[in-house]
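1. whatever this is, show me its structure:
(2 chains)
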Number of protein chains: 2
Amino acid sequence: MRVLGVDPGLTRCGVGVVEGVAGRPLTMLGVGVVRTPADADIGIRLVGIERGIEEWIERFQPELVAVERVFSQHNVSTVMGTAQASAVAMLCAARRGLPVALHTPSEVKAAVTGSGRADKAQVGAMVTRLLRLSAPPKPADAADALALAICHIWRAPAQNRLQQAVALHASKGRTR
Amino acid sequence: MRVLGVDPGLTRCGVGVVEGVAGRPLTMLGVGVVRTPADADIGIRLVGIERGIEEWIERFQPELVAVERVFSQHNVSTVMGTAQASAVAMLCAARRGLPVALHTPSEVKAAVTGSGRADKAQVGAMVTRLLRLSAPPKPADAADALALAICHIWRAPAQNRLQQAVALHASKGRTR
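-> Predicted coordinates for the structure are as follows:
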């Protein structure tokens, strides 16, 4: 399974592509940051994010795009830009028929470190270890994007089993 | 001046096109709502908003798109969807090279009713009067989109004069 993780942001939008299946070593295919100038108009910045995400999807052909779920409670000053950048990422994926998966920051932290309250250094260290990199990806947004992709690959089997159980239950309900 | 006003939302995104200049009677060219199903995936909904906004821009060829400025303080439960829908509207405009203008809800209310605290009924009544319509546009999102376009047309001269003054000051600074 090949997943593009996106840590949304207007100034720095982290992107990372991870391939693998749960229970086996994972491979990083690419990592980077899509940047837009803070002094540009918001519309221009969103176009920059769109172009960047499009390039990453075209280059790496992921099967799914995992985006951080944005909450309005946190970081009130930047949350609107984060929500807008995440909208562009989700739009780029859905427009191509790619499924979009959302994971909360604590789900991502828990998946890669075992704790939903892990700090950025801990996440970076675990991403480095899990992908067998020589150093933590910089900036933190890039490492977070990889962590999102890892989180999705590891959680996907559980989510799929849940969906299968729900579907099975629904089909039994119909035949009863 | 022809302006497309967008009152962003995922379930109901109000759109309205107004033509005119400040100080003269305004004309409504079109009004409507782009809807997306509440039970669809967020990515699919954003693609629906994109298609709808694209259709309105192509059909009416506005010179500018005025979008409601979203604040994270208000309506915490729906603000993320509003921010995401507004991102798609701004993206559609900027991608075509159309300028994007943002106006706050209180700027819009003050422009059309004289009070920044006017209620929806008052805004609807003034939009009906100013555009010489037979009845207030329904739903309220559609009326709000028209009010945004009116607000922009009326505020634009002041904003343009301000921009000209800034540009003049900057050019004087350079030649000094």
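2. for chain A, what lies in contact range of chain B?
-> A:41-44, A:46-47, A:50, A:70-73, A:76, A:79-80, A:83-88, A:90-91, A:93-95, A:99-100, A:102 (CB under 8 Å from any CB of the partner chain). For every residue, glycine as well, the C-beta is placed using N, CA and C.
3. please repeat the previous calculation with a cut-off of 6 Å.
-> A:42-44, A:46-47, A:72, A:76, A:79-80, A:83-84, A:87, A:90-91, A:93-95, A:100 (CB under 6 Å from any CB of the partner chain).
4. where in chain A is pLDDT low?
-> A:72-77, A:157-176 (pLDDT under 70).
5. take the residues of chain A next to chain B and keep only those in strands.
-> Under the assignment DSSP state E, these contribute residue A:100 to strands.
6. not counting its neighbours along the chain, what's nearest residue A:81?
-> residue A:10 (4.0 Å; CB to CB, 6 or more residues apart in numbering or on different chains).
7. just the buried residues of the residues of chain A next to chain B.
-> A:42-44, A:46-47, A:72, A:79-80, A:83-84, A:87, A:90-91, A:93-95, A:100 (16 or more other CB atoms under 10 Å in any protein chain shown).
8. circling back to that earlier point, verify the contact between the residue nearest to residue A:81 and residue A:83 for me.
-> No - using CB atoms under 6 Å, residue A:10 is not in contact with residue A:83; the gap is 10.0 Å.
9. off-centre distance for stretch A:17-25?
-> Put simply, stretch A:17-25 sits 14 Å off its chain's centre (CA atoms, centre = their mean, to the nearest Å).
10. and the contacts of it?
-> A:1-4, A:26-30, A:60, A:149-150, A:153-154, A:157 (CB atoms under 6 Å, 6 or more residues apart in numbering or on different chains).
11. nearest to residue B:126, of these?
-> Nearest to residue B:126 among these, counting by CB to CB, is residue A:4 at 47.1 Å.
12. pretty sure the closest one is touching residue A:64, no?
-> No - under the criterion of CB under 6 Å, residue A:4 makes no contact with residue A:64, lying 7.5 Å away.
13. higher neighbour count, those two?
-> residue A:4 (30 against 18; other CB atoms under 10 Å in any protein chain shown).
14. what are the ranges of the helices in chain A?
-> A:42-60, A:79-95, A:105-113, A:120-130, A:140-175 (DSSP state H).
15. give me the distance between residue A:68 and chain B.
-> 12 Å (CB to the nearest CB, to the nearest Å).
16. the nearest residue to that residue once chain neighbours are set aside bridge partners, please.
-> Nearest residue to residue A:68, sequence neighbours excluded (CB to CB, 6+ apart): residue A:7, at 5.5 Å. Counting by DSSP bridges, residue A:7 forms beta bridges with residue A:14.
17. do you know how far residue A:149 is from residue A:66?
-> Residue A:149 sits 6 Å away from residue A:66 when distances are taken as CB to CB, to the nearest Å.
18. oh sorry, the question was meant for residue A:119
-> 21 Å.
19. what's the answer for residue A:49, then?
-> From residue A:49 to residue A:66 the distance is 16 Å (CB to CB).
20. neighbour count: those two, which is higher?
-> Taking neighbours as other CB under 10 Å, residue A:49 and residue A:66 compare with residue A:66 leading, 31 against 28.
21. report the contact partners of the closest residue to that one other than its chain neighbours.
-> Spatially, and ignoring its direct neighbours in sequence, residue A:66 is nearest to residue A:152 (4.0 Å; CB to CB, 6+ apart). Residues counted as contacts of residue A:152 (CB under 6 Å, 6+ apart) are A:3, A:66, A:101.
22. which residue sits closest to the last one, ignoring its sequence neighbours?
-> By that I understand residue A:101. Once flanking residues are discounted, residue A:101 sits nearest to residue A:66: 4.7 Å by CB to CB, 6+ apart.
23. which residues does that neighbour contact?
-> A:3, A:5, A:101, A:148-149, A:152.
24. could you do residue A:99 as well?
-> Counted by CB under 6 Å, 6+ apart, residue A:99 has contacts residue A:64.
25. how about residue A:14?
-> For residue A:14, the contacting residues are A:7, A:33, A:141-142, A:144-145, by CB under 6 Å, 6+ apart.
26. how close does it sit to residue A:54?
-> 16 Å.
27. swap in residue A:24?
-> For residue A:24 relative to residue A:54 (CB to CB), the value is 30 Å.
28. and these two? Which one has more around it.
-> Neighbours per residue, other CB under 10 Å: of residue A:24 and residue A:54, the larger number sits with residue A:54, 14 against 8.
29. thanks again, I'm all set now.
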